[in-house]
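>>> sequence and predicted structure are below.
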Amino acid sequence: MNKEEYQFTYEVFDSVDELSQPDSWLLNEARGVTESAYAPYSNFNVGAVAKLANGEIVAGTNQENASYPVGLCAERVLLSSAATLYPRIAIDTIAISYNNNNGESKHPISPCGICRQSLSEYEERTGQSIRLILSGMEGKVYIIPRSSDLLPLSFGRVDMKQN
Ligand code: THU
C-alpha cells in the first residue's frame with residue numbers, strides 16, 4: 001500500500017491594490033459585471049470575466065430560473081460564450097467576484113463542483129491551464145494558478161479512452 005498526497009499552492013493578497021495592473025483591471029471588471037447577474041431567487045450575483053490567449057475579454061454572470069435547477073453559474077455562462085465566440089482559443093485568466101445583496105462580500109468564493117469540472121475540461125480541450133483570480137467586492141484575493149488544481153483525481157476525457 002502506498003499513500004499519495006495532493007497539494008497545491010495559491011497566492012493570497014490582502015486587497016486588489018496588491019495585484020498587478022492587468023489582474024486588478026480584470027478583477028474590477030468581474031466586480032462590475034455582477035450587476036448583469038439575474039439572481040432574483042438567491043440574491044447572490046456572481047460575475048466572471050476572462051482574458052483569452054488572443055487578448056479578447058469575455059464575461060459571464062449567473063442566470064437563475066423559477067425552476068431552480070435550470071439556473072446557470074457565471075463560470076459556465078462564460079465558458080459557453082468563450083467557446084462559441086472564440087472556438088479553440090485558450091483562456092489565460094478568469095476573475096470571479098460576487099455581490100451578495102443579503103450581506104457582506106469580503107471573502108473570495110471558489111467555483112462550485114460542476115463549474116470545476118467544466119473548467120477542467122476547458123483546460124484539457126485548449127491545452128492550457130486557466131488561472132483564477134477570486135475575490136468578493138472587497139477584501140482578500142486568491143490567485144489559483146490552474147483551475148484543475150481545485151479538482152484532484154478528476155474524471156476527464158482521457159478516462160473515456162481507457163478500455
Ligand atoms: N453561483 C455561481 O454563479 N458561481 C459559483 O461559483 C457559485 C454559485 C451562483 C449559482 C446561483 O445562481 C447562486 O450563485 C447561488 O448559489
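Looks like it arrived, so ask away.
>>> which residues of the chain fall in helices?
Here the chain has its helices, by DSSP state H, at 21-33, 74-85, 113-126, 157-160.
>>> what residues sit buried inside stretch 93-104?
93, 94, 95, 96, 97, 98, 99, 100 (16 or more other Cβ atoms under 10 Å). Using the backbone N, CA and C atoms, a C-beta is placed for each residue, glycine as well.
>>> interface residues of the protein facing the ligand?
39, 42, 44, 46, 62, 64, 71, 73-75, 109, 111-112, 115 (Cβ under 6 Å from any ligand atom).
>>> make it 5 Å
Within the chain, the positions lying close to the ligand (Cβ under 5 Å from any ligand atom) are 42, 44, 46, 62, 64, 71, 73, 74, 111, 112.
>>> give me every residue that touches the second one.
I take that to be residue 44. Applying Cβ atoms under 8 Å, 6 or more residues apart in numbering to residue 44 gives the contacts 62, 98, 100, 101, 102.
>>> ok, the second one touching residue 106?
This means residue 98. No. The pair residue 98 / residue 106 is not scored as a contact, 10.7 Å apart, by Cβ atoms under 8 Å.
>>> mutual contacts of these two, please.
136, 137.
>>> re the thing from before, tell me the two of the buried residues of stretch 93-104 that are most distant?
Of all pairs drawn from the buried residues of stretch 93-104, the greatest distance, 23.3 Å, lies between 93 and 100 (Cβ to Cβ).
>>> redo the buried residues of stretch 93-104 as a markdown table? Include pLDDT.
Converted to a markdown table, the buried residues of stretch 93-104 look like this (pLDDT from 0 to 100):
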| residue | pLDDT |
| --- | --- |
| 93 | 98 |
| 94 | 99 |
| 95 | 99 |
| 96 | 98 |
| 97 | 98 |
| 98 | 98 |
| 99 | 95 |
| 100 | 89 |
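>>> between the residues you listed, which is nearest residue 128?
Using Cβ to Cβ, the buried residues of stretch 93-104 come closest to residue 128 at residue 93, 10.9 Å.
>>> what sits closest to the closest one if chain neighbours are left out?
residue 131 (4.3 Å; Cβ to Cβ, 6 or more residues apart in numbering).
>>> could you list the low-confidence segments of this protein?
162-163 (pLDDT under 70).
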